[in-house]
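**Q** Build me a model:
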Amino acid sequence: MKPSVLKHPQHGGQLNVYTQHYGISQALWLDLSTGINPGGYFKSDVPDNVLRDLPHDDDGLQQAASDYYGSDALLMVPGSSWAIQNLPQVLLKHRPSINKVLLPQLGYSEHQQAWLASGVMAEFYSGTPSAAQLKTCDVCVLINPNNPSTHLLSKDTVLNIAQQLQQHSAWLIVDEAFLDTRPCNSVTGENEENTIVLRSLGKFFGLAGLRVGSVIACDSILTHLNSLLPPWALSHPARFIAKHALQDTVWIQQTRLRLQQQANKLAELCEQVLGGQGGDAWRILQTDFFVTVLCESKNMTLECHHQLCEQGIYTRLLDHQCGIRIGLPNDRSQDWQRLEQGLKQVASILKKETTHVDA
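**A** Okay, here's the model as predicted:
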């Protein structure tokens, strides 16, 4: 077996790392590493003046985002990751006594990195934080649905957590980057005083390259975040495309349905190929954007990831190397067939290795 890549990309993408390691041309890879909608909003013709002129704030983007998210308490930012990186210092300005942040045990690692860099102690929870944990924290971070564990919280559960935290003036940060397909679970329109909601156009709209996100929060938080933004924080083309995407209600409704159907298809494929191997070797978990395959051992995870790479199929190796995340293929039947064959090859190889060990 070829040695594993020494340093895997942190968030998927960066395919060149694997093309060099496995000697497979980039054009021949099936890249399923990011969880981004492969059929994104790619239908905007950008006029020449948008490419030429400096952006301006009164172009209708703010209103389009407010209408889409159901809140006027909103700030457009250059990607939700920008907000994740800057929120610790903003909240520490509001409350210098912040000592503890609650974070998911398995989740988008940028949250943990930002808080630890700010010198705040982290405590971790699995699934949903307990009442005891909520009583003793100063900030709680929810990722809904969780990336990559897929754990999804109802709106009522999130609001209940916000109310528990409000009793001792603690903050709640809700990362809803993957929630566009499930608006009934979102708290963007609730305007809880202690709640900060992060949204992105990168996943559902498939526009990660534009770096457009939103923060929904109280005025004092938005004012402080706004003071940290540089001039023209969002490019003119990014603002133009984002506004049109947020206003295209027909495309939004069709895409919600399509992503849910494709995610069900992907989960069924993984269950059929991997789940049928028996035992507890695999756990198949699902969102509307990706499927997470949890493996019983680190060695199995690395082998699964490696064998797919050998076939030019790039999936996301989870941070703790406990599984892989598989994004949705394009609508093309050959991509689905290729993934099916790749998974069957992995299952066959690992079954032989397990049988050999048992013998």
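
**Q** Pull out the buried residues from stretch 108-125.
**A** 108, 111-112, 114-115, 120, 125 (16 or more other CB atoms under 10 Å). All C-beta spots, glycine's among them, are computed from the backbone N, C-alpha and C.

**Q** Looking at those, which is nearest R95?
**A** Minimum distance to R95 across the buried residues of stretch 108-125 is 11.0 Å, recorded for V120 (CB to CB).

**Q** ok, and the closest non-adjacent residue to that closest one?
**A** V101 (5.1 Å; CB to CB, 6 or more residues apart in numbering).

**Q** Number of residues surrounding that neighbour?
**A** 26 (other CB atoms under 10 Å).

**Q** For it, give the beta-bridge partners.
**A** V101 has these beta-bridge partners by DSSP bridges: A122, V139.

**Q** Take the buried residues of stretch 108-125 and keep only those in strands.
**A** Of the buried residues of stretch 108-125, the ones assigned to strands by DSSP state E are Y125.

**Q** I'd like the buried residues of stretch 108-125 laid out as JSON lines, including distance to S200.
**A** Listed next are the buried residues of stretch 108-125 as JSON lines, based on distance: CB to CB, whole Å:
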{"residue": "Y108", "distance to S200": "11"}
{"residue": "H111", "distance to S200": "14"}
{"residue": "Q112", "distance to S200": "18"}
{"residue": "A114", "distance to S200": "16"}
{"residue": "W115", "distance to S200": "19"}
{"residue": "V120", "distance to S200": "23"}
{"residue": "Y125", "distance to S200": "23"}
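
**Q** closest to D57 among the buried residues of stretch 108-125?
**A** A114 (26.4 Å).

**Q** quick one: contacts for that closest one?
**A** 84-85, 87-88 (CB atoms under 8 Å, 6 or more residues apart in numbering).

**Q** circling back: show me which of the buried residues of stretch 108-125 is closest to W29.
**A** Y108 (23.8 Å).

**Q** gap between that closest one and Q260?
**A** Look at Y108 and Q260: by CB to CB, to the nearest Å, they are 22 Å apart.

**Q** and the contacts of A114, which are buried?
**A** Applying 16+ other CB under 10 Å to the contacts of A114 flags 84-85, 87-88 as buried.

**Q** so where is this protein shaky, pLDDT-wise?
**A** Scanning the chain with the threshold set as pLDDT under 70 gives 1-13, 276-280, 352-359.

**Q** Give the next helix or strand downstream of the helix or strand harbouring N160.
**A** N160 is part of helix 155-166 when elements are defined by DSSP states H and E. Remark: after helix 155-166, the chain's next helix or strand is strand 171-175, criterion DSSP H and E.

**Q** Can I get that following strand in CSV, CA atoms only?
**A** Output in CSV follows, covering the C-alpha atoms of strand 171-175 (Å, rounded to 0.1, in the frame of the first residue of the first chain):
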residue,chain,number,x,y,z
TRP,A,171,-23.9,33.6,24.5
LEU,A,172,-25.1,31.0,22.0
ILE,A,173,-23.5,30.8,18.5
VAL,A,174,-25.4,28.7,16.0
ASP,A,175,-23.5,27.7,12.8
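
**Q** got the contact list for it?
**A** Contacts of strand 171-175 (CB under 8 Å, 6+ apart): 80, 84, 87, 91, 95, 108, 111, 138-144, 158, 161-162, 165, 187, 192, 194-198.

**Q** Buried ones among those?
**A** Buried among those (16+ other CB under 10 Å): 80, 84, 87, 91, 108, 111, 138-144, 158, 161-162, 165, 187, 192, 194-198.

**Q** Filter those down to the ones in helices?
**A** Under the assignment DSSP state H, those contribute 80, 84, 87, 91, 111, 158, 161-162, 165 to helices.

**Q** which residues of the stretch 151-300 of the chain fall in strands?
**A** Using DSSP state E, counting those that start in this stretch, the strands of the stretch 151-300 of the chain run over 171-175, 195-200, 213-216, 282-286, 290-295.

**Q** Same list (those) but as JSON lines, adding distance to H305.
**A** Below are the strands of the stretch 151-300 of the chain laid out as JSON lines (distance: least, CB to CB, whole Å):
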{"stretch": "strand 171-175", "distance to H305": "25"}
{"stretch": "strand 195-200", "distance to H305": "26"}
{"stretch": "strand 213-216", "distance to H305": "29"}
{"stretch": "strand 282-286", "distance to H305": "13"}
{"stretch": "strand 290-295", "distance to H305": "9"}
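
**Q** for these, which one sits closest to I36?
**A** Of all the strands of the stretch 151-300 of the chain, strand 290-295 sits nearest to I36, with 9.2 Å by CB to CB.

**Q** can you pull out the helices in this protein?
**A** 16-22, 48-52, 61-69, 80-94, 109-117, 131-136, 155-166, 219-228, 236-247, 249-273, 298-310, 333-358.

**Q** Need the winner for burial among these.
**A** helix 236-247 (a mean of 21; mean count of other CB atoms under 10 Å).
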